[in-house]
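> 3D model of this:
(chains A and B)
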Amino acid sequence: MKFLENVVDMKKGHEDLNHDRITVGMATCGISAGADHVFERLKGAELQTMLENVGCAGMCYAEPIVTVKQGDVFSIYGHVTEDKVDMLIQAIRERRVCSELLLGHSLEEIEYYKKQKRLLMSNCGKINPLSVEQYVSAGGYAGLVNALKKKPEEVIADVLKSGLRGRGGAGFPTGKKWQLVAQQQGKRMLVCNGDEGDPGAFMNRVTMESDPFRLIEGMTIAAYAIGSQDGVIYTRAEYPLAVETLLKAIKIAEEKNLLGKNILGIQGFNFTIKMKMGAGAFVCGEETALINSTMGLRGQPRFKPPYPAQRGIDDNPTNINNVSTLSLVSVIMSMGADEFAKIGTEKSKGTAMICLAGKVKRTGVVEVPVGISIRELVFDVGGGVVEGTEFKAVQIGGPAGGCVSEQYLDTKLDYESLQAIGAIMGSGGMIVLNNEACMVDVARYFMSFTAGESCGKCTPCREGTTRMLEILDKITKGLGTKEDLEKLKLLAGFIKENSLCGLGQAAPNPVLSTLQQFGDEYTVHIEKKECPSHACKNLLRYTILDNCIGCGNCKRHCPVNAISGKPKEKHVIDQEKCVRCGACYEACAFDAIERK
Amino acid sequence: MPDINKVLEKYSSPGDLIAALQDIQKEFGYLSEEHMEALSKKIKAPLSRISGVATFYSMFRLKPIGKNHISMCRGTACHVHNSETLLRFIEKKLNIKSGEMTDDGHISLETVNCIGACAKAPAMMVNGKVYGNLDEKKIDKLIEDLRK
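Next comes the predicted model:
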């Protein structure tokens, strides 16, 4: 086996990471906050210091993020928008800390990271995603080197011992999956499932954009363990930056003999990775649908057995793992299975990447030890709900998941505990909801999602989700009846039991979970024809009251010109034109607008 | 106008179907009947299979898009941040529904399930670039800029 230092210029990577250096987080979130402009401005300032783009450190709430290392002083700056960049440039020139924008001198100093444990994300936001030199200097490829010193079956035994379970949602033990494929004869295929279709989940995008070599290394280890020469990364065309980054990283790995023939000089160890892009179908996250899609077919699931491990792509034995799962493999082989298994709970090991979004103060991607409580995640890591509102629930697991209301906040984040209260770990998308969210509307939202994404192959899912959506629509319009609730439960049970794949079997979960924990909200919609959270637009009506002084402020704020009236006279809202956005309600300083 | 034969040059088997359709859409903006027929001949797959795939995946479009294209995200985080109201606002402003194009062919609008910018919700993509933390005012300005 060749030494790593003979393949990759580690000295360069080491120098990059230890010299004076300015970095800008340029993953999708960063760019949407203007990081590309900030980068250009820093470049234009000719600061005589190395300037690099890095991936996403997970602090989406504070984007754009710039780090500066000058001598012994390292500083992390947040909210560095274009209008503030001059202030930072000035400070860099004077070699001083720009305290106005400072978040901390290390990640550990920042509140957001105190309860996190960053194994998989340790490079995110630190290294240039396309510098294999920096990746190796930061400890990358140590996992592959360790694996190659062992026999393939020993690597599988290590992964089993680590307790790693699939991070795509189902939580099947990864080592067991590998064993099944390794037993099969013929051309074995290795697929990385990067079809992150779950709305509210974007951790795979962050990994692919910020640390692509971590995934490539994990896949190479998996290929060695199961004896595969053909790898495929299946990802979403909606993630253009992730696709571009991976394509470039694969090319670099090939040039360095970290992919291709006789990898690291080991005779007969050949492995290549191809990219396949999905075309916008949620169901393709399901293994058998994904297989069909990679073969250029409609992404419809098929019956199991035969399982993909027996007959997958082109009828070859196929192993499919999620992006996070495969990336964690490189972590496990580098830190050791025993060390990894020390983190987490008895049945769920290691760390999990969670996306915090919705009405939470600090949104972003976090990596936490499995077993942390939902309360800690929302309040300690996320900083609680946005100012001036109250916590209502957390929706976890997306369209297949459920809610965690206040009374269950101390539930642990692990596969079994969440399932016990009707939610799921899923891929780890977590949407925090406050008192402005209507739980019936949330359930209707997810049902409209699954009804739209049902592939149409089996009747329970195709027809059942549509019927459930119709009922939920009725309720949110104030047309629901008491019998509708019984019908919803009946349909839910039927769909769960009779659908062909996971999409259908899990589709009723958001409804069942909200019915169980927020049943009274359904009742108010049905009996009083009211939406207590004022979220169901059809039950909402804004009217101007008699105490209107005619200041015209509401009129100026209305985006659709639905308000008319002469100055100093009472104004009127045209209900036909009104889009019920609430801008007038917010704008009125005299409480002269009624929301009902 | 790009040449369809050139776009299809590297594709030869039915397994390439999705990648080929993606390339066609990238070059022409949508999939026309003629393009699908050309693909059918090239990769020797029946037209029914091609149209079956083209209509299955939500990314494929069977009609042209405008010079500027808006994809409004309808993911969960965007939904709880009122993206539905913003969508209605855009529809009223452009006087088109989602899935349509303005009469002058300048702007088209569609909804997408999730663009993965949940931390910046509500978000949308305009000509492939993500814009986050939107409100009526920001959208108004974005659209006015597109009209210039």
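
> How about the contacts made by residue 62?
Went with chain A since none was named. Contact partners of residue A:62, counting by CB atoms under 8 Å, 6 or more residues apart in numbering or on different chains, are A:78, A:79, A:103, A:362. In short, each C-beta sits where N, CA and C put it, glycine included.

> Correction: the question concerned chain B.
The neighbourhood of residue B:62, defined by CB under 8 Å, 6+ apart, consists of B:30, B:31, B:32, B:54, B:55.

> right, and the first one touches residue B:65 too?
It stands for residue B:30. Yes - contact criterion CB atoms under 8 Å: residue B:30 and residue B:65 qualify, at 6.4 Å.

> Which one of these two is surrounded by more residues?
residue B:65 (18 against 13; other CB atoms under 10 Å in any protein chain shown).

> Which residue is the nearest non-sequential neighbour of that one?
Of all residues not flanking residue B:65 in the chain, residue B:108 sits nearest, at 4.3 Å (CB to CB, 6 or more residues apart in numbering or on different chains).

> before we move on, the earlier item: list only those of the contacts of residue B:62 flagged as buried.
Neighbour counting with 16 or more other CB atoms under 10 Å in any protein chain shown marks B:31, B:54 as buried within the contacts of residue B:62.

> Please identify which pair of the contacts of residue B:62 lies farthest apart.
B:32 and B:55 (13.9 Å; CB to CB).

> Which stretches in chain B count as helices?
Applying DSSP state H to chain B gives helices spanning B:4-7, B:17-28, B:33-43, B:47-56, B:76-80, B:83-94, B:136-147.

> close to chain A, is the fifth one?
Yes - remark: helix B:76-80 sits within contact range of chain A at B:76, B:77, B:79, B:80, by CB under 8 Å from any CB of the partner chain.

> Check which helices and strands the helix or strand encompassing residue A:41 sits against.
Secondary structure from DSSP states H and E places residue A:41 in helix A:35-44. With contacts defined as 3 or more CB pairs under 8 Å, 6 or more residues apart in numbering or on different chains; DSSP states H and E, helix A:35-44 has these neighbours: strand A:21-25, strand A:50-54, helix A:85-93.

> which stretch among the ones you listed comes nearest residue A:163?
Of the helices and strands packed on helix A:35-44, nearest to residue A:163 by CB to CB is strand A:50-54, at 31.2 Å.

> Now the closest one - C-alpha only, PDB.
Coordinates of each C-alpha in strand A:50-54 appear next as PDB, following Å, rounded to 0.1, in the frame of the first residue of the first chain:
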ATOM      1  CA  MET A  50      -4.800  33.800   1.600                       C
ATOM      2  CA  LEU A  51      -8.500  34.000   0.800                       C
ATOM      3  CA  GLU A  52     -10.500  30.800   0.300                       C
ATOM      4  CA  ASN A  53     -14.100  29.700   0.000                       C
ATOM      5  CA  VAL A  54     -15.100  27.000   2.400                       C
END
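
> strand partners of it, parallel vs antiparallel please.
When pairs are called by DSSP bridges, strand A:50-54 turns out to pair with strand A:21-25 (parallel).

> And the contacts of the strand it pairs with?
Residues outside strand A:21-25 that contact it (CB under 8 Å, 6+ apart) are A:30, A:35, A:38-39, A:42, A:47, A:49-57, A:63-69, A:92, A:125-126.

> Quickly list the domain ranges of the chain.
By default, I'm working from chain A. Domain assignment for chain A by automatic domain parsing gives A:10-107, A:132-340, A:351-434, A:439-527, A:541-595.

> You answered for a different chain; I wanted chain B.
Residue ranges for the domains of chain B, per automatic domain parsing: B:4-56, B:68-147.

> picking up where we left off before, I'd like the contacts of residue B:62 written out as JSON lines, with distance to chain A added.
Putting the contacts of residue B:62 into JSON lines (distance: CB to the nearest CB, whole Å) gives the following:
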{"residue": "B:30", "distance to chain A": "13"}
{"residue": "B:31", "distance to chain A": "11"}
{"residue": "B:32", "distance to chain A": "17"}
{"residue": "B:54", "distance to chain A": "9"}
{"residue": "B:55", "distance to chain A": "9"}
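
> dump the residue contacts of the residue sitting furthest away from the middle of chain B.
In chain B, the greatest distance from the average C-alpha position (CA atoms, centre = their mean) is reached by residue B:44, at 27.0 Å. Residue B:44 makes contact with residue B:14 under the criterion CB under 8 Å, 6+ apart.

> max-length strand in chain A?
Longest strand in chain A, counting residues (DSSP state E): strand A:351-358.

> ok, then the element right after that one?
strand A:364-369.

> If you compare the directions of that next one and strand A:351-358, what angle comes out?
Relative orientation of strand A:364-369 and strand A:351-358, computed by axes from the mean of the first three to the mean of the last three CA atoms, to 10 degrees: 150 degrees.

> And strand A:364-369, what does it pack against?
Secondary-structure packing of strand A:364-369 (3+ CB pairs under 8 Å, 6+ apart): strand A:351-358.

> ok, back up a step: of the residues of helix B:76-80 next to chain A - the most surrounded one?
Greatest neighbour count in the residues of helix B:76-80 next to chain A, by other CB under 10 Å, goes to residue B:77: 33 neighbours.

> surely that one meets residue B:118?
Yes - contact criterion CB under 8 Å: residue B:77 and residue B:118 qualify, at 3.8 Å.

> where do the contact lists of the two overlap?
When contacts are counted by CB under 8 Å, 6+ apart, residue B:77 and residue B:118 have A:199, A:200, A:357, A:358, A:363, A:431 as shared neighbours.

> Is the last one located within a strand, as I assumed?
Pointing back at residue A:431 there. Yes - assigned with DSSP: H, G, I helix; E, B strand; the rest coil, residue A:431 falls within a strand.

> which residues touch the helix or strand bottoming out on mean pLDDT in chain A?
Sorting the helices and strands of chain A by mean pLDDT, DSSP states H and E puts helix A:4-7 at the bottom, at a mean of 88. Residues outside helix A:4-7 that contact it (CB under 8 Å, 6+ apart) are A:10, A:136, A:141, A:142, A:145, A:256, A:257, A:258, A:264.

> Check which residues of that helix are buried.
The neighbour-count check on helix A:4-7 (16+ other CB under 10 Å) flags A:4, A:7 as buried.

> Same question for stretch A:37-46.
By neighbour count with 16+ other CB under 10 Å, stretch A:37-46 contains the buried residues A:38, A:39, A:41, A:42, A:45.

> Equivalent analysis for stretch B:106-115, please.
Those buried within stretch B:106-115 under the rule 16+ other CB under 10 Å are B:107, B:108, B:109, B:110, B:111, B:112, B:113, B:114, B:115.
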